[in-house]
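Participant: predicted model, plus sequence, below.
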Amino acid sequence: MEAAGAAIGAMLLMFVVFVVFYLLVGGLILKFSVKLIEKFSPSYGRSVLAVLLAGIISFVVSVGLTLVFGLGAGLGADADPEAAMAAMGAMSLLINLVSIIVGFVAIAFSINLLIKRPDGSALGFGRACLVAVLYTAIMIVLFVIIGIVLAVVFGAALVGLTGAGA
């Protein structure tokens, strides 16, 4: 029982570390994206707040989509297990694609709402969408790079543990 509690605690700690890392890096990338597109640099606090708002909106919509599309996909008393797995995989892919679009709209909305020009005027949703395109592209590239690095590191660790490298 203690081992399960320790594992849950470790997972929660990793989740908190990931969220804090995501907010800090996301704020920097948003600040850079606004500076590149709009030629001014918003405050770091506003950038982090915009990323936090977009993250909350994206999370809520993603959970809703998972509940709507994911429950009972191809499952039944006489369902073919292979067909059920294929349906669940396709639904997962669809949910991820829709989540990326929702994330884009959420970050554009939060940029439009929270990031203001130095004179106090709003960017407008069109300009916020341009900033969001750059922000989303940078974040996707960053996550792909991090994923490749983690796959190489954990793959090398697994090879070392199994002794296959010797």
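Facilitator: Okay, I see it.
Participant: use CA for all of it now, contacts and neighbours both
Facilitator: Fine.
Participant: need the helices for this protein, in chain order.
Facilitator: Under the criterion DSSP state H, helices of the chain are mapped to 2-38, 44-70, 81-114, 125-162.
Participant: roughly how far does the closest residue in space to residue 23 that isn't next to it in sequence sit from residue 98?
Facilitator: Leaving aside its chain neighbours, residue 23 sits nearest to residue 48 (5.9 Å; criterion: Cα to Cα, 6 or more residues apart in numbering). Counting by Cα to Cα, to the nearest Å, the gap from residue 48 to residue 98 is 23 Å.
Participant: verify the stated contact: residue 29 with residue 135.
Facilitator: Yes. In this structure residue 29 lies within contact range of residue 135 using Cα atoms under 8 Å: 6.5 Å.
Participant: still on that earlier bit, please say which of residue 48 and residue 98 ends up with more neighbours.
Facilitator: residue 48 (21 against 15; other Cα atoms under 10 Å).
Participant: now do the contacts for that one.
Facilitator: Counting by Cα atoms under 8 Å, 6 or more residues apart in numbering, residue 48 makes contact with 23-24, 26-28.
Participant: equivalent analysis for residue 55, please.
Facilitator: By Cα under 8 Å, 6+ apart, the contact set of residue 55 is 103, 106-107.
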